[in-house]
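Enquirer: test case, fold it:
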Amino acid sequence: MTTVPAEEETQVTTPGAGSLKPVLDALPKSIYENPSWRGLSYFARDAAMYLGLLAALVFVTNVFEVLLLEMLMALVVSGLFIIGHDSAHGALFTPKKLNQRVGRIAMLPSLHVFEGWVMGHNRVHHTFTVRQGVDFVWHPTTPEEYAAMGFWGRAVHRLEWSWAGAGVYYIHQIWWKKMMVGKPPVRWAKTINRDRGIVWSFIGGMLVLFSTIGALRGVSVPGIIWLDLRVLVLPFIAFAFTIGAAVHVHHISPDIRWWKKADWNKFRAQMEGTTVLRVPKGINFFLHWIMVHVPHHVDVRIPMYKLEQAAEAIEVAFPGTVIDKKLRVRDYVGQTRACKLYDFDEGVWMTYAEARRRRAG
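Expert: Next up, the predicted model:
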C-alpha cells in the first residue's frame, strides 16, 4: 500500500511560484454546482445498462457475440467506475454520505476497493502528480533501474509498457498491489479492510448467483464456468484495459515531464502533467468526460459534467499551457513505443534501444 508523504495533502497552494491559486481564481463558480438529481440520473442510467448486459450475457454464449457484448460492457463498467471516482472525490454530490454510498456501489462492477482507491488515488496520485518516487500511477523506470532488473522483471516491464499491456499493468500494479493486498496504513486500515471485504463478498455473491442461475437452467459445469467468466471475469479484464490505456494517455507522453522533488510544484504537476484529449462523438456518453483531465487535476471538486466548461475557462486564462488535442489510437500506440524509460535529470523519455545506446556511449 502506498504511503502518503508527510507533507501538505491539499490541492490548493498559497500564492507564489508554482501555485494553482491563479488557475482556481479563473474558474467560474458555476462549475461547482452538482445537484443530487443529476448525479443520480447518471448512476441510474449506467446501472441499468450494466444490469441489462448481465442479463444478456446469461443467454448469449457464442464467443463472437460475447466479445461484442464485452466491448460494450467495458465502456459501461468504466462509466460506473468514473461515477464512483467522482463520488470518491466528493464531486458528484454535496452530501458526503451520498458520495460514499453511491461510490461504493458504482465501483463494485470494476471490483474496486472504495477506501483503498481514496487512499492511493486521492491522497497520493492527485496530491503528488508526476513526482518522482511518490506518484505510483505509471511511474517511469530509469535506464539504471531497468538494467538492474532480472530477466523476468524486464519481461514484465516490456509487456506492461506495451500498447497491449495497459490492462496487465493496471491489474498488476494498481488494482492488485495498491488495493487488494498489502498492509494499509494504520490510519485508514479499518475502512480499507472493510471495503476489501465488501469487494470480496461481491465477487463471491456474483459467482454463487450466476452459478445457481446456470444450474437452474440445466447448464453443464463447463457451461457454468463459461457463464461466470463472461459476467464477472471478462468484464473486469475489458475494463482494466480501457482504464489502463486511459490513465496512460493522461500522464505518459513525450510532451509530459515527470519531476524530481526539488523541481516539482503543483502548477507543473496539474497543468502540465496531464492532458485534455478530445474523444470521438458518443464516447463521453460512457466515459463521462474523464479525458478532459487537466481541470479535474486542478480541482477535484469539479463534477464530471462540468469539466469541459472548466477546460474552456483555463484555456482563456492560460492560453497554450495545456496539452489539448484529439485522442487517436495511433498516438497512444506511438507513445507506448516512445516512452519506455525515463531520465529524471534531463527530463526525457526514451526507448529501450535509446537507453542502451546511452549506456554504451
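
Enquirer: C-alpha only now, for contacts and for neighbours.
Expert: Fine.

Enquirer: could you list the low-pLDDT ranges of the stretch 1-150 of the chain?
Expert: Within the stretch 1-150 of the chain, the stretches falling below the threshold (pLDDT under 70) are 1-17.

Enquirer: now the helices: where do they sit in it?
Expert: 21-25, 36-59, 63-88, 96-106, 114-117, 143-148 (DSSP state H, counting those that start in this stretch).

Enquirer: so which residues of the protein form strands?
Expert: Ranges of strands in the chain, per DSSP state E, are 275-278, 323-326, 341-343, 348-350.

Enquirer: could I get those strands as JSON lines with mean neighbour count, mean pLDDT and distance to residue 93?
Expert: Shown next, in JSON lines, are the strands of the chain (neighbours: other C-alpha atoms under 10 Å; pLDDT from 0 to 100; distance: least, C-alpha to C-alpha, whole Å):
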{"stretch": "strand 275-278", "mean neighbour count": "22", "mean pLDDT": "97", "distance to residue 93": "24"}
{"stretch": "strand 323-326", "mean neighbour count": "14", "mean pLDDT": "96", "distance to residue 93": "28"}
{"stretch": "strand 341-343", "mean neighbour count": "21", "mean pLDDT": "98", "distance to residue 93": "39"}
{"stretch": "strand 348-350", "mean neighbour count": "20", "mean pLDDT": "97", "distance to residue 93": "39"}
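
Enquirer: for residue 180, which non-adjacent residue is spatially closest?
Expert: residue 196 (6.7 Å; C-alpha to C-alpha, 6 or more residues apart in numbering).

Enquirer: actually, residue 306.
Expert: In space, residue 306 is closest to residue 31, 5.5 Å off (C-alpha to C-alpha, 6+ apart).

Enquirer: wait, residue 272 touches residue 258, no?
Expert: No - the criterion here is C-alpha atoms under 8 Å, and residue 272 misses it with residue 258 at 9.7 Å.

Enquirer: between those two, who's got more neighbours?
Expert: Using other C-alpha atoms under 10 Å as the criterion, residue 272 and residue 258 rank with residue 258 on top: 27 against 19.

Enquirer: number of residues surrounding the nearest residue to residue 238 once chain neighbours are set aside?
Expert: Spatial nearest neighbour of residue 238, excluding adjacent residues (C-alpha to C-alpha, 6+ apart): residue 74 at 5.0 Å. By other C-alpha under 10 Å, 23 other residues sit near residue 74.

Enquirer: picking that back up, which of the strands of the chain sits closest to residue 230?
Expert: Set against residue 230 and scored by C-alpha to C-alpha, these come closest in strand 275-278, at 31.0 Å.

Enquirer: name the residues that touch stretch 268-278?
Expert: Stretch 268-278 is contacted from outside by 18, 128-131, 249-251, 256-258, 291-294, 297-298, 311, 321-327, using C-alpha atoms under 8 Å, 6 or more residues apart in numbering.

Enquirer: swap the cut-off to 6 Å and go again
Expert: Stretch 268-278 has contacts (C-alpha atoms under 6 Å, 6 or more residues apart in numbering) with 129, 250-251, 256, 291-294, 297-298, 323-327.

Enquirer: go on, stretch 20-37?
Expert: Counting by C-alpha under 6 Å, 6+ apart, 93, 267, 302, 306 sit against stretch 20-37.

Enquirer: show me the contact partners of stretch 125-142.
Expert: Stretch 125-142 is contacted from outside by 9, 258-260, 269, 341-343, using C-alpha under 6 Å, 6+ apart.

Enquirer: report the buried residues of it.
Expert: Using 16 or more other C-alpha atoms under 10 Å as the test for burial, stretch 125-142 gives 125-132, 134-142.

Enquirer: what's the burial count for residue 271?
Expert: As a burial measure, residue 271 scores 22 neighbours (other C-alpha under 10 Å).

Enquirer: now do the contacts for residue 146.
Expert: So residue 146 contacts nothing (C-alpha under 6 Å, 6+ apart).

Enquirer: show me how far stretch 199-211 is from its chain's centre.
Expert: 24 Å (C-alpha atoms, centre = their mean, to the nearest Å).

Enquirer: greatest separation within the contacts of stretch 268-278: which pair is it?
Expert: Once C-alpha to C-alpha is applied, the contacts of stretch 268-278 give 129 and 326 as the farthest pair, at 22.5 Å.

Enquirer: state the mean pLDDT of the longest helix along the chain.
Expert: Identified as the longest helix of the chain according to DSSP state H is helix 189-216. Averaged across helix 189-216, pLDDT comes to 97.

Enquirer: ok, stretch 219-238 next?
Expert: 97.

Enquirer: one step back: buried members of the contacts of stretch 20-37 into ChimeraX, please.
Expert: Applied in ChimeraX, the following selects the buried portion of these according to 16+ other C-alpha under 10 Å:
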select :93,267,302,306
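
Enquirer: ok, which pair from the contacts of stretch 20-37 is furthest apart?
Expert: Pairwise distances among these were taken by C-alpha to C-alpha; the largest, 26.6 Å, belongs to 93 and 267.
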